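Novice: Provided below for reference: sequence and predicted model.
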Amino acid sequence: MMNRHMIPLVVFAALLLLFWVGLGLNPKIIPSPLIGKEAPKFDLPELHNPQKRVTNEMLKGQVTLFNVFASWCVSCRAEHHLLLDLQHRGLYIIGLNYKDEKRDALNYLTQFGGDPYAMIAYDYEGDVGIEWGVYGTPETFVIDKKGIVRYKHTGPLYREVIENELIPLVRKLEQES
Amino acid sequence: MLPEIGQFLMVLAFCLAVIQSIFPLLGAQKGQLSWMKMGPNLAWAQFAALAFAYGLLTYAFIDHDFSVALAASHSSINLPIEYRISAVWGNHEGSLLLWILILAGWGVAVASFSNNLPVAMSSRVLAVMGMISVGFIGFMVFTSNPFERMMMVPLDGNDLNPMLQDPGMIFHPPLLYMGYVGFAVAFSFAMAALIGGRLDASWARWSRPWTTIAWVFLTLGIALGSWWAYAELGWGGWWFWDPVENASFMPWLLATALIHSLAVTEKRGAFRSWTVMLAILTFALTIVGAFLVRSGVITSVHAFATDPTRGVYILVFLAVIIGASLMLYAWRAPKVGMGGGFSSWSRESVLLANNVLLVVACSAVFIGTMYPLIIDALGMGKMSVGPPYFNTVFVPLMVPLLVMMIIGPLVPWKNATLKGSFNRLYPVLAAGLLAAVVWPLLMGEWGVIVAIMIFVATGIVGVFIVDLLPRIKAETFAGKISRFKKLNVSWLGMHVAHIGMAITIIGMAMAMGYQEEKDVRVAPGDVVEMAGYTFTFDGVKQVRGANYSSQYGTVRVKEDGELLTTLHPEKRTYDKHKGMPMTQASIDRSLFRDLYVSLGDPIGRTGAWVIRVYYKPYMTWLWTGVMIMSVGGVLAISDRRYRVKIRRRFKKRPSKESQAVID
């Protein structure tokens, strides 16, 4: 027997169902508008050697991991050894040092086990970071041989992401001409 | 060692809450006085255990005990002492402990001020509050231990989130929680009345002061959050319809409805099952709010770090407690009588309209807040609902509600005549119309929305005067004063709260209608003109704070060539959170306008900056109005009818202390 005093109970049950489904979703996964587009243009000094320039042209010609990091970013430390590991596995990694003091950045690389980057663009002002839509370090992009952004990971990398998403994608892109 | 004691105390409090939710209730059902009498003692014991645990956690923060994971991730050596204390609630676990402590505090308050209640009633109330405590303490014990230790103790902590390093943030969460959690009392009274089958006017009279005081706290808490956003975020805005803001605003809307429907139930015995429903829903919304903030289903600047097991726990808790209360309602409500009848034009019918409008407004906010989640759950993509939706839906609902505030106080209970009500209203409406025409013109430009807002606000103040004059009618001025002193305090409280609302409305309307803003690029020495004021930018220098370095701007403000004030907008970069620069707007406040300057970004390294300059008329009215609203709430519960029995009890054993308590 349904009476009007039962209605709140029914509405409430529907709401619980919605929340239950909602728990399984992740609102933080926001697709980057850059995916499928050419990497934003930039031209920055190299961290170790300021006379040298790092530009978006250097992302082309090979599959590149573009990793945004900073010495003040604690979760960057967590993924640093994974980046070193990726370098040993032959991946080509370009770094973007984001809003950092040069001395701090260089110390960071020696302190946490080495430099996994083929080159590091030094973005003191943070302007290039804004172009790339960085809203929290670290962030990692995969760029194909033509310089098109194909993948973005926000937050520190971890094993599952690397083995299940990153590496398979990089190997696939390497097959493309 | 101390943190382990804290953890033990939490488990102890959990056990005490379990006992509190069983024995007083069984005692009330079986008429066992000794079991019922356990309630107050258990409430006190639970509060003591939690207060001690809370003190220990605070001590870990003050003492830089970074072996406690929470202190390590939310405090640091250079963090000033006031923020070390407030950092305790600047995170999920600590804020939950504060929430539970406040809940236990409300329990103690109920235990202390319930001497005028039948013991069965107060026992049932305490038992229901015990059940809520079990749910929340269990949440902390099983999913969110604030005393967790770290294996490797860091030398320094990670520092408090820079957004929370602001004086407004010290008081915003405790006030908000006092309000949020306070509705657990109103809920417990409603449940106790349903269980005991006594849903009558005396139940409404007992739960009214509790509901009102919780509403006062929530009002102040929301306003303080808004005040903080205004000063800290640097956009000059004070309300963003962020999901978490909405999570606090929805219970406020329903609680406002509840306060008014409780009035009807107390005076006329009507609306009984509706009032119970509102008490349940208001409380349910506070738990839904906790779910939204702490489970990660919705993204917001306020959201805590998320963990799915927490979401599942709160969801189950929500299902059990609200599900059970709705079932109890479905079982008991059909047997509740209708109470006093009323005609289609009466105080009751105006308050019914008020309730409908508030509930519809709350539903509109609810739908807007949940819509992204619904769309996502249906697999239809990601989207967000912004201010345009809320403003379009919400403002039109508010206008008739405000009109009710003009009419309501003059309409008698039970049966009234339209003519009788409006005869007294003519001068009020005339004053409102006059103000609506003239006031906007004085501001420079007449606009229809501003005019409507001024009309209703003036009307609300006007109706107070029309309602007041006959009540203080006397030959002499001294006679008027003496009659004023004898006025019914809760009647006065209603009007004061309404006037507070009117003042807030004027503040909102003026600030939105006549604000001026400029985003300009300035080099040192450059001048910005706005609303008759001259802002001279004197450049930005580096200044060092306790745990941050600041780009400290200087802007001189002149009026008619004379120096009025010097503003110092800042942009702070905290040592441990360099990716998150914080804007500190600098504001010169006065009765009729705020001058507001915030720093944007530097332009290269030339010393030039982008700055934002705002002229915001009547902003002070917005905050003042909220304060007055709260004073109205406090006045409303100071009425002596809520203390009648206490007074009688004290008369038997007069002592100096009790005299002081009464008057």
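Specialist: Yes, it's here. Here the structure is a predicted model, which is why all the values come from computation and not from measurement. Numbers count the residues shown, from 1 in each chain, chains lettered A, B, ... in the order given.
Novice: which SSE is the nearest residue to residue B:327 once chain neighbours are set aside in?
Specialist: Excluding the flanking residues, the one nearest residue B:327 by Cβ to Cβ, 6 or more residues apart in numbering or on different chains is residue A:9, at 6.5 Å. Quick note: C-beta positions are derived from backbone N, CA and C, even for glycine. Assigned by DSSP states H and E, residue A:9 belongs to helix A:7-23.
Novice: One more: residue B:385?
Specialist: Assigned by DSSP H and E, residue B:385 falls outside every helix and strand.
Novice: Now stretch B:27-42: average pLDDT?
Specialist: Mean pLDDT, stretch B:27-42: 90.
Novice: contacts for it?
Specialist: By Cβ atoms under 8 Å, 6 or more residues apart in numbering or on different chains, the surrounding residues in contact with stretch B:27-42 are B:16-17, B:19-20, B:23-24, B:26, B:111-112, B:119-124, B:126-127, B:130, B:195-196.
Novice: Among those, which are located in helices?
Specialist: B:16-17, B:19-20, B:23-24, B:26, B:111-112, B:119-124, B:126-127, B:130, B:195-196 (DSSP state H).
Novice: Any of those residues buried? List them.
Specialist: With burial judged by 16 or more other Cβ atoms under 10 Å in any protein chain shown, the buried subset of the ones in helices among the contacts of stretch B:27-42 is B:16-17, B:19-20, B:23-24, B:111, B:119-124, B:126-127, B:130, B:195-196.
Novice: And the residue nearest the centre of chain B, how close does it get to chain A?
Specialist: With distances taken as Cα atoms, centre = their mean, residue B:218 lies nearest the centre of chain B, 2.0 Å away. Plainly put, residue B:218 is 22 Å away from chain A if you go by Cβ to the nearest Cβ, to the nearest Å.
Novice: Buried ones in the helix or strand where that residue lies, by neighbour count?
Specialist: Using DSSP H and E, residue B:218 sits within helix B:201-232. By neighbour count on 16+ other Cβ under 10 Å, the buried set for helix B:201-232 is B:201, B:203-232.
Novice: Residue B:311 touches residue B:292, doesn't it?
Specialist: No: if you go by Cβ atoms under 8 Å, residue B:311 and residue B:292 don't touch, sitting 9.6 Å apart.
Novice: And these two? Which one has more around it.
Specialist: Taking other Cβ atoms under 10 Å in any protein chain shown, residue B:311 and residue B:292 do not tie; residue B:292 has more neighbours (25 against 22).
Novice: Would you work out how far apart the start and end of stretch B:555-563 are?
Specialist: Length of stretch B:555-563, first residue to last, Cα to Cα, to the nearest Å: 11 Å.
Novice: List the contacts of that stretch.
Specialist: Residues outside stretch B:555-563 that contact it (Cβ under 8 Å, 6+ apart) are B:532-538, B:564-569, B:586, B:588, B:595, B:597, B:611.
Novice: sorry, back to before: can you tell me which residues contact the residue nearest to residue B:327?
Specialist: B:323, B:326, B:327, B:330.
Novice: wait, which of those residues is closest to residue B:95?
Specialist: For those, the minimum distance to residue B:95 (Cβ to Cβ) is 25.7 Å, reached by residue B:323.
Novice: tell me which element the closest one is part of?
Specialist: Here residue B:323 sits within helix B:308-332, counting by DSSP H and E.
Novice: Measure how the helix or strand following that helix sits relative to helix A:7-23, angle-wise.
Specialist: Next along the chain after helix B:308-332, taking DSSP H and E as the criterion, comes helix B:347-377. Computed by axes from the mean of the first three to the mean of the last three Cα atoms, to 10 degrees, the angle separating helix B:347-377 from helix A:7-23 equals 30 degrees.
Novice: Could you give the average pLDDT over helix B:347-377?
Specialist: 90.
Novice: Any idea how far the helix or strand just after it is from the middle of the chain?
Specialist: Heading C-terminal from helix B:347-377, the first helix or strand you meet, by DSSP H and E, is helix B:387-407. Relative to its chain's centre, helix B:387-407 lies at 19 Å (Cα atoms, centre = their mean, to the nearest Å).
Novice: Stretch A:83-96 too?
Specialist: 13 Å.
Novice: can you check stretch A:60-78 too?
Specialist: With Cα atoms, centre = their mean as the basis, stretch A:60-78 stands 7 Å off its chain's centre.
Novice: Report the buried residues of that stretch.
Specialist: A:60, A:63-73, A:76-77.
Novice: Out of those residues, which is nearest to chain B?
Specialist: Among these, residue A:72 lies closest to chain B (Cβ to the nearest Cβ), at 4.1 Å.
Novice: wait, that closest one sits on residue A:104?
Specialist: Yes: shown here, residue A:72 and residue A:104 form a contact pair, counting by Cβ under 8 Å, at 7.3 Å.
Novice: Please identify the helix or strand for residue 137.
Specialist: Let's take chain A. Per DSSP H and E: residue A:137 is located in neither a helix nor a strand.
Novice: try chain B instead
Specialist: helix B:119-143.
Novice: what about that helix and chain A, touching?
Specialist: No: residues of helix B:119-143 are not located near chain A by Cβ under 8 Å from any Cβ of the partner chain, the shortest gap being 13.5 Å.
Novice: Great, nothing more from me.
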